[in-house]
Structures are given as C-alpha cells and as structure tokens.
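J.: Following is a predicted model, sequence given first.
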Amino acid sequence: MSDVVATRLPAAGNAAAAALKASAALWFAVAAAGQWIFAAYIALQYGAVLWGDWAPLREFMPVGAVDGDHVGNGALIGHLFIAFTITIGGTLQLMPFVRNAAPVFHRWNGRVYIVTAFASAIAGLYMVWTRDGIGTIVNDIAISIDALLIMAFAALAVRAAMRRDFDAHNRWAVRLFLVVSGVWFMRVLYGFAIMAVQGMPPGVGDNMDGPFDVFVAFGCYLLPLAIAELYFWAKRAGAVSKLAMSAVLFAAAGATALGVFGAAMIMWLPRIS
C-alpha cells in the first residue's frame, strides 16, 4: 500500500504542475492575442499622426493635440508610439520559444523594452500632471503609481539579469509586463464589465469618477499583480494549491477573452476608419 501511495503522490504533483503550466500558457496566449489587437488598433487609428494628420488625436482623445503645446504634443505622440512598441515587444519577450530560439533577439528586445517602458512612464507622468484630462485626482494618482511601478520593476528586472539570477529576472519581467499593460487591462476590464451586464456597468461616472472607475483605475495593475503573486506562490506550493491556482487562471483566461472581445467590439474596431 505504501508503495502505491508513494507512486501516486509524485504523479498527482506532476499533473498539478502540468495543469498550472497549461493554465498560465492559456492566459498568456489570450492576453498576447488581445494585446496584438490593441497594437493594431493603435497603428491603424493613430498612425496617420506620423504623416502630420492630427485629426485622430483631436477626435478620439479627451485631451489630444493642443495648439502651441509642442512639448505636450510630442509627449503624447511618443507615448502612442511607445505604447505600440512595448505592446508588441512585451509579448515577444515573455514567449519561451522566442527566448530559447533567439537569445540575442531576446536580450536586445529586452533592452529596448526597458528603455521604452521608462520613457512611457515618464511621458505618462508628464501628461497626467500638466494636462486636464478625464477623471479626478484619484485617477491621476493611480496612473502615477503605475508609472512609478513601471520604473521600479524595470530597474529590478535589469538588476536581476546583471546578477544572472534568471528566476528573479523572470518574475520581475512578468511584473513589469503587467504594470506596463495597465492601459490595456483598463480597457479589458471595462470591456468585460460591459459584456457581463450587457450595458454600462453600475458605478461608472460621467467623468470616469464613479466607484467602478476608481476600482478600474487601480485594479488595472494591482489585480493582475495579485494574481501573478499567487501564481508564483502556487509554483512552490503543493498539488492542491497548484490545482486551485490553475482554476483561477483558467477563469482569468475566460474573463480576459470576454474583456478583449468587448473592448474590440465597443472601443477599438468601431473607431478604425
């Protein structure tokens, strides 16, 4: 009997580890597809700005191009270009087959990703505190915290890589990817809520100042970070914890897919001209 139990325990542990790995891979596949859709939207909707057409910025942004504000307009354009770059680069950076098959590309893409993430955070901070946008100061604080986390996680990811602590580097890279993706997660959360209730969710204010808006402002990066920390913990925990976390990630993959669908159908595709 003891031999049978000893045989079953490793088998159960291996199955739980496989389930956890599969659920994480599924969520990332859904998220990567959603981010590439978002990147395509940025390119198609705002790419004309590179040729001097400012109409999309004036039409689709609450505070877009402002006459005479050359620094602010430059920061906005840079922010959009960087958003496209890091959305594509971030997903490629976390793909194991890309990392294993093209290590040189992985290293250089990582360097570009770190620099653009820093630049995006700085541009975001500048726009938040120099321009009047939608929402209240609570939204500005939420965005500012996200920007500070981007810079901190980027520095810690580089530090771990320089120390050749690749396990820590991978964890910091995942955290960096999640906080950099805060703008994307924000749209996905709204898309999910709209699809779930089949209309505007309760708690949304006219100026994005309602209780649901506040939840999204902070939750767009704190919620993914919390799930990531649970995932990191589950990888070191027992079979039951791994299976429980697998269920969470499978549910998260479904919720993300619904949110991406909602965001694409409501916010992105109708605006592409």
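T.: Thanks, I have it.

J.: make it CA atoms for all contacts and neighbour counts henceforth
T.: Will do.

J.: which residues touch the residue positioned nearest the centre of the chain?
T.: Closest to where the C-alpha atoms of the chain average out (C-alpha atoms, centre = their mean) is S181, at 2.2 Å. Going by C-alpha atoms under 8 Å, 6 or more residues apart in numbering, S181 touches 87, 221.

J.: For L178, give its distance to N170.
T.: Distance, L178 to N170, by C-alpha to C-alpha, to the nearest Å: 12 Å.

J.: what about these two, which has more around it?
T.: Legend: neighbour count by other C-alpha atoms under 10 Å for L178 and N170, higher for L178 (23 against 15).

J.: so where does that one fall, helix or strand?
T.: Using DSSP states H and E, L178 maps to helix 166-180.

J.: do you know how far the residue lying closest to A39 once chain neighbours are set aside is from I141?
T.: Once flanking residues are discounted, A39 sits nearest to F84: 5.2 Å by C-alpha to C-alpha, 6 or more residues apart in numbering. Here F84 is placed at a distance of 24 Å from I141 (C-alpha to C-alpha).

J.: When those two are compared, which one has more neighbours?
T.: The neighbour comparison of F84 against I141 (other C-alpha under 10 Å) goes to F84, with 19 against 16.

J.: Can you name the element that comes right after the host helix or strand of that one?
T.: Element membership of F84, judged by DSSP H and E, is helix 70-93. Sequence-wise, the next helix or strand downstream of helix 70-93 (DSSP H and E) is helix 96-101.

J.: hmm, who's touching that next one?
T.: Contact partners of helix 96-101, identified using C-alpha under 8 Å, 6+ apart, comprise 92-93, 105-106.

J.: what do you get for stretch 225-241?
T.: Stretch 225-241 is touched from outside by 12-13, 16-17, 20, 171, 174-175, 178-179, 242, 245, with contacts defined as C-alpha under 8 Å, 6+ apart.

J.: Mind giving me the PyMOL command for buried ones among the residues you listed?
T.: If you want just the buried ones from those in PyMOL, going by 16 or more other C-alpha atoms under 10 Å, the selection is:
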select buried, resi 13+16+17+20+171+174+175+178+179+242+245
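
J.: Sort the contacts of stretch 225-241 by pLDDT and name the bottom one.
T.: Among those, A12 carries the weakest pLDDT, at 68.
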